[in-house]
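Asker: Model the following, please.
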Amino acid sequence: MPLIHSNPESIFEETMVEAVNDILTALGESTKQAIYAHLKNSYGISKDDIPRKIDVFANAIEETFGSVGKVIEIKIIERLHSQYADFRYTPENGELDFAEYMINLRNRLDP
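Answerer: Next up is the predicted model:
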């Protein structure tokens, strides 16, 4: 059953925060908390800031984890795609771009 949103502008933000949290939880609770602390201390973004600072989040994940950062991004995208399977995204330059995907999903969820 879908969540009922009191503020329609928050659908994307809530959905993305849940997806990021789910993927990071798969790494273990202490690892997840360490990642959130690192994001806050090194990049100035909290868990709830992530949907509003997609580029900063993507850069932080890629800088922190190197090529594994891309895997984390793909897992987040897969999680979101399982929830919104009807959402179609075609990369502009033919390469999957995390921030571009998220912006397009935001435009779909919060028109």
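Asker: and the lengthiest helix in the chain, C-alpha only, in CSV?
Answerer: With DSSP state H applied, the helix covering the greatest number of residues in the chain is identified as helix 67-83. What follows is helix 67-83 as a C-alpha-only set of coordinates in CSV (Å, rounded to 0.1, in the frame of the first residue of the first chain):
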residue,chain,number,x,y,z
SER,A,67,34.4,2.4,-8.2
VAL,A,68,32.3,0.8,-5.4
GLY,A,69,30.5,4.2,-5.2
LYS,A,70,29.0,3.6,-8.6
VAL,A,71,27.8,0.2,-7.4
ILE,A,72,26.1,1.9,-4.5
GLU,A,73,24.5,4.4,-6.9
ILE,A,74,23.3,1.6,-9.2
LYS,A,75,21.8,-0.3,-6.2
ILE,A,76,19.9,2.9,-5.2
ILE,A,77,18.6,3.2,-8.8
GLU,A,78,17.6,-0.4,-8.8
ARG,A,79,15.7,0.0,-5.5
LEU,A,80,13.9,3.0,-6.9
HIS,A,81,13.2,1.3,-10.2
SER,A,82,11.6,-1.6,-8.4
GLN,A,83,9.2,0.9,-6.7
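Asker: quick one: residue 31 from residue 64, how far?
Answerer: Residue 31 sits 12 Å away from residue 64, going by Cβ to Cβ, to the nearest Å. The C-beta positions use only the backbone N, C-alpha and C, and glycine is treated the same way.
Asker: Residue 105 contacts residue 83, doesn't it?
Answerer: No - Residue 105 lies out of contact with residue 83 (Cβ atoms under 8 Å); the separation is 10.0 Å.
Asker: Which one of those two is surrounded by more residues?
Answerer: Shown here are residue 105 and residue 83; by other Cβ atoms under 10 Å, residue 105 has more neighbours (22 against 13).
Asker: What pLDDT does the model give residue 70?
Answerer: On pLDDT, residue 70 comes in at 93.
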